[in-house]
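Participant: Provided below are the primary sequence and the corresponding predicted coordinates.
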Amino acid sequence: AIDSDGEVHISCIDDDEHQLRYVTNDGGSWSYTFFSDSIIYGRPSIAIGPDDAVHITYFHEVSSMPEIYRLEYRKITSTGWESPLVIDDQGHAGEQSSIAIDADGKAHVAYYDQANYDLKYATNVDGGWSCSSIDTLGNVGVFPSIDLDSAGMVHMAYVDNTNLFFKYAVQNAEPCAPRD
């Protein structure tokens, strides 16, 4: 992700340590931070808000015995990293996520619920996190991608593994609805 000053921000997983790594050239030289001492899996997602705040979602293994996972969110502002917030801790949801930030700095997240094989959507537009299922017909929601158009409407693209094709969902007056 690139901020308004042209500085690059990257989120990735360190394969050796399974920790979330944040990399940036903010200030002219490359630096990185491990900002989790817990095991992270999946593919993190990163976006820049209108105020240049960095927003990241990632899949956190809280416990291996019993297996407990959760989709988490972190934000860095001019004052530093905020504490992580749990978006979804139901089952195995969020290993694949995508984040977009609206004009008001609110987050919109599309993610795959691997336990139920569903595409889910979460947002904090009302202050706290709210989650909903967008597509539940078969094994859907793999490799989600989310973005917002100039009117602030949510658009999601994802794979339907049951029927082996690409799907698209767009927000209208109702919550996002799948389209073939």
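Facilitator: Received, thanks. Residues are numbered from 1 along each chain as shown.

Participant: low-confidence stretches in this structure?
Facilitator: Counting by pLDDT under 70, the chain shows low-confidence ranges at 35-38, 172-180.

Participant: need the contact list for the residue sitting furthest away from the middle of it.
Facilitator: Of all residues in the chain, Gly28 has its C-alpha farthest from the mean position, at 27.0 Å, by C-alpha atoms, centre = their mean. Neighbouring residues of Gly28 by C-beta atoms under 8 Å, 6 or more residues apart in numbering: there are none. (C-beta placed from N, C-alpha, C; glycine too.)

Participant: tell me where the chain has helices.
Facilitator: Using DSSP state H, no helices are found in the chain.

Participant: with adjacent residues omitted, what lies nearest to Glu61?
Facilitator: In this structure, Glu61 finds its nearest non-sequential neighbour in Ile39, 4.2 Å apart by C-beta to C-beta, 6 or more residues apart in numbering.

Participant: so the one you found makes contact with Ser63?
Facilitator: No: in this structure, Ile39 is not within contact of Ser63 by C-beta atoms under 8 Å, at 9.5 Å.

Participant: for those two, work out which one has more neighbours and name it.
Facilitator: Taking neighbours as other C-beta atoms under 10 Å, Ile39 and Ser63 compare with Ile39 leading, 17 against 10.

Participant: now do the contacts for that one.
Facilitator: Counted by C-beta under 8 Å, 6+ apart, Ile39 has contacts His18, Gln19, His60, Glu61, Ser64.

Participant: 10 Å - rerun?
Facilitator: Ile13, Glu17, His18, Gln19, Leu20, Phe59, His60, Glu61, Val62, Ser63, Ser64, Tyr69 (C-beta atoms under 10 Å, 6 or more residues apart in numbering).

Participant: cool, and Asp14?
Facilitator: Contacts of Asp14 by C-beta under 10 Å, 6+ apart are Leu20, Arg21, Tyr32, Phe34, Ser36, Ile40.

Participant: let's see 8 Å
Facilitator: Counting by C-beta under 8 Å, 6+ apart, the residues that Asp14 touches are Leu20, Arg21, Phe34.

Participant: what is the burial count for the second one?
Facilitator: For Arg21, the tally of surrounding residues (other C-beta under 10 Å) stands at 18.

Participant: can you check the first one too?
Facilitator: Burial measure for Leu20: 25 neighbouring residues, criterion other C-beta under 10 Å.

Participant: next one: Pro144
Facilitator: When neighbours are counted by other C-beta under 10 Å, Pro144 registers 25.

Participant: use 50 as the first number from now on
Facilitator: Sure, I'll start counting at 50 from here, so that last one is Pro193.
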